[in-house]
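In: Sequence first, then the predicted structure:
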Amino acid sequence: MKHLKVYDFIFIGAGASALMGASNLSKKYKILLIDANAKIGQKILISGGGKCNVVNEQISSQDYLGDEEFLKPLFENYSSNDILNFFNGIEFEKRKGGKYFTKHGAKLIVDFFAKKTKHYEFALNQKVIRVEKNDDLFSVFTDKNSFICKRLVVASGGLSYPKLNSSDIGYKIAENFGLKVTKTNPALVGLSLQKEQFWLKELSGVSVRAKVSVGSKTFYDDILFSHRGISGLAILNASLFWQKGDMVLDFLPDKNINSYLKDKNKQITSQLPLPKRFIKSFLANLNLEDKPLKKLTTNKLLKLQTIHNYTFAPAGYFGYTKAEVTKGGVSTTEIDSQTYECKHVKNLYFIGEVLDITGRLGGYNFYFAFSSALKMSENVEK
Ligand SMILES: Cc1cc2nc3c(=O)[nH]c(=O)nc-3n(C[C@H](O)[C@H](O)[C@H](O)COP(=O)(O)OP(=O)(O)OC[C@H]3O[C@@H](n4cnc5c(N)ncnc54)[C@H](O)[C@@H]3O)c2cc1C
């Protein structure tokens, strides 16, 4: 009978979190990384427009959807500088909003990891389909092979970007071990609209700076109208916190509309600092004509205040093909926040996006992927 090699660690995934976890483990371990893609770090390569927004200068629980207490040990242990310093030799540039991008391209991050993990084994181009635990060992079955390990790290990410071979394997493994998985949804994604808001779709290609409020969260940034619905940075961030229900848009977030409407003889479109196409559609939607102000009744003028609180319920998300991340996932109640090991399944770990922690735009998702991997790997070295 053929004896299978027993690895000290198998990582399911060779993406951001797995590469960081494996890079940070000592060379004494026999480690295997399995990925459905033919090459490692595929999402890193396309991230941040090819420049990879590695981390943000400011990080707090406010930037995440998920368990605040669970995140605390990461914030206490890893600053954004710690993450940047890990990539010794790679140059970064700080952009608006404290976002750190590589200066010379995301490939440098992948090359860095390739070097750090060169003494480990990779099983690429194969999909993990099932995992079993017998006594103290895990058996990992792919569509091509089977492997055995003492410790299994699930770093399989979420469901977004299926063209990069994303899968639900992490959630399936969790469920098979009896762990709770919080309902998943696409996030950092555009939103589709109900019939009443189709007038926004007709503005396809127009963008405005606005304030978007969902629950207690507020985002000031661009909204982009498209034939599918609404997107742009403000909407992508809002999609993280939106759950079926209302969203409020303020299209003139800096000042009250009355402070612009000074000239009674001029039409509304010529007085507001917004694209004319947008104002015309906005007025038509309120059944208002673009007349000189003096020709509008007080009631009609009052209606204009809607520009500060246009409230509606989006129909849904654009979907996983467009989403940067997946919200929901393996419940953090099942995981020890100091070790990333499952509380009830010894030697089984979950790191990165597969967990029910999701960051907003700005480097927060790589921060979580990298820092959760560091925490896991540093702890097993103790
Ligand atoms: C277009 C885009 C741009 C982004 N830009 C940024 C950015 O600039 N900054 C930022 O912070 N975040 C960004 N993100 C989000 C960030 O890429 C992810 O949050 C991060 O990669 C998560 O790391 P991870 O290791 O958990 O998962 P991933 O990096 O997704 O890695 C998971 C790996 O598991 C593999 N896998 C899945 N299922 C199986 C299976 N059944 N068998 C074998 N292998 C499997 C996948 O092929 C994948 O390689 C971006 C995402 C996208 C889609």
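Out: Looks like it came in fine. Residues are numbered from 1 along each chain as shown.

In: right, quick check: stretch 369-381 against the ligand, any contact?
Out: Yes - remark: stretch 369-381 sits within contact range of the ligand at residue 369, by C-beta under 6 Å from any ligand atom. No exception for glycine: its C-beta is placed from N, CA and C like everyone else's.

In: Can you list the buried residues in that stretch?
Out: Buried residues in stretch 369-381, defined by neighbour count with 16 or more other C-beta atoms under 10 Å: 369-378, 380.

In: residues making contact with it?
Out: 15-22, 24-26, 54-55, 73-74, 77-78, 83, 86, 151, 153, 155, 338-341, 349, 351-353, 355, 357 (C-beta atoms under 8 Å, 6 or more residues apart in numbering).

In: any chance you could map the helices in this structure?
Out: Per DSSP state H, the chain carries helices over the ranges 16-23, 42-46, 68-77, 80-86, 107-116, 169-176, 198-201, 233-241, 276-285, 298-303, 364-380.

In: Confidence-wise, which of those helices is weakest overall?
Out: Of all the helices of the chain, the minimum mean pLDDT falls on helix 298-303 (a mean of 88).

In: Point out the other helices and strands that it packs with.
Out: Contacts defined by 3 or more C-beta pairs under 8 Å, 6 or more residues apart in numbering; DSSP states H and E place helix 298-303 against no helix or strand at all.

In: Need the contact partners of that helix.
Out: Contacts for helix 298-303 (C-beta under 8 Å, 6+ apart): 286, 288, 293.

In: one more time with 10 Å
Out: For helix 298-303, the surrounding residues in contact (C-beta atoms under 10 Å, 6 or more residues apart in numbering) are 257-258, 261, 268, 283, 286-289, 291, 293, 296-297.

In: Show me just the buried residues among those residues.
Out: 257, 261, 268, 283, 288, 293, 296.

In: leaving aside the residues next to it on the chain, what's closest to the third one?
Out: Counting by C-beta to C-beta, 6 or more residues apart in numbering, residue 268 lies nearest to residue 290, which is 5.5 Å off, once chain neighbours are set aside.

In: repeat for residue 180
Out: residue 331 (4.1 Å).

In: Now for the nearest residue to residue 67 once chain neighbours are set aside: which residues touch it?
Out: Sequence neighbours aside, residue 332 is the residue nearest to residue 67 in space, at 4.5 Å (criterion: C-beta to C-beta, 6+ apart). Contacts for residue 332 (C-beta under 10 Å, 6+ apart) come out as 66-67, 69-71, 180, 182, 340, 350, 355-357.

In: Cross these against strands and list the overlap.
Out: Residues of the contacts of residue 332 located in strands (DSSP state E): 182, 350.

In: between the contacts of residue 332, which is nearest the ligand?
Out: Nearest to the ligand out of the contacts of residue 332 is residue 355 (C-beta to the nearest ligand atom; 8.2 Å).

In: That closest one against residue 66, yeah?
Out: Yes - between residue 355 and residue 66 there is a contact under C-beta atoms under 10 Å: 7.7 Å.

In: Taking the stretch 101-250 of the chain, what residue is nearest to the ligand?
Out: Closest point on the stretch 101-250 of the chain to the ligand, by C-beta to the nearest ligand atom, is residue 157, at 2.7 Å.

In: Which residue would be the closest one in the stretch 251-382 of the chain to the ligand?
Out: Closest point on the stretch 251-382 of the chain to the ligand, by C-beta to the nearest ligand atom, is residue 352, at 2.4 Å.

In: Name the residues of stretch 275-287 that are buried.
Out: Quick answer for stretch 275-287 (16+ other C-beta under 10 Å): 275, 278-279, 281-283.

In: chain center to it, what's the gap?
Out: Stretch 275-287 sits 33 Å away from the centroid of its parent chain (C-alpha atoms, centre = their mean, to the nearest Å).

In: Good, wrapping up.
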